[in-house]
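Asks: Sharing a sequence plus its predicted fold:
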Amino acid sequence: MELTMTTFDKREQGFEAKFAHEEELMFKAAARSNKLLGLWAAGQLGLEGDAAAAYATALVTENLASQTMDETLNKVSADLAAKGISREQVAQKLQECLHQALAQLEAASRQAG
């Protein structure tokens, strides 16, 4: 009976560790994708250098303050509306940035491990 509990406890700890790792990965991916989206949007707005970096960084830090992906999408869409860039185009770019961020994180994880 004690052996079964030990096995169960180890399995539970494994699931908890996996969940924590996946949550951390999604957090990092969201932050990285927001930075990529911010850099792209900054370019669309004609921002360069420090101004572009500041725009991208603001998008990341606002997201850390519990802003959802939808709110990020709304903000960038509003910022780019005057440039004729639709919400759908921004949403597509956000998806591309998320995929790119996940690929970058996976590549970094493979190099580290």
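Replies: Good, I have the coordinates.
Asks: Quick one: low-confidence residue ranges for the protein.
Replies: Counting by pLDDT under 70, the chain has low-confidence residues at 1-5, 65-67.
Asks: Longest helix in it, by number of residues?
Replies: Using DSSP state H to define each element, the chain has its longest helix at helix 2-44.
Asks: Which secondary structure elements does the following helix or strand past that helix sit against?
Replies: Beyond helix 2-44 on the C-terminal side, the first helix or strand identified by DSSP states H and E is helix 49-64. Here helix 49-64 touches helix 2-44, helix 69-80, going by 3 or more Cβ pairs under 8 Å, 6 or more residues apart in numbering; DSSP states H and E. Yep, even glycine has a C-beta here, placed from its N, CA and C like the rest.
Asks: residue closest to the middle of the chain?
Replies: What sits nearest the mean C-alpha location of the chain, by Cα atoms, centre = their mean, is residue 30, with 1.1 Å.
Asks: give me every residue that touches that one.
Replies: Residues in contact with residue 30 (Cβ atoms under 8 Å, 6 or more residues apart in numbering) are 63, 69, 98, 101.
Asks: Let me know how buried the third one is, in neighbour terms.
Replies: Close neighbours of residue 98, defined as other Cβ atoms under 10 Å, add up to 19.
Asks: roughly how far apart are residue 38 and residue 48?
Replies: Noted for residue 38: a distance of 13 Å to residue 48, by Cβ to Cβ, to the nearest Å.
Asks: Neighbour count for these two, which is higher?
Replies: residue 38 (27 against 10).
Asks: residue contacts, residue 59?
Replies: So residue 59 contacts 34-35, 37-38, 41, 72, 75-76 (Cβ under 8 Å, 6+ apart).
Asks: and if you look at residue 76?
Replies: Contacts of residue 76 (Cβ under 8 Å, 6+ apart): 37-38, 41, 59, 90, 94.
Asks: Mind doing that once more with 6 Å?
Replies: With contact taken as Cβ atoms under 6 Å, 6 or more residues apart in numbering, residue 76 is in contact with 41, 90.
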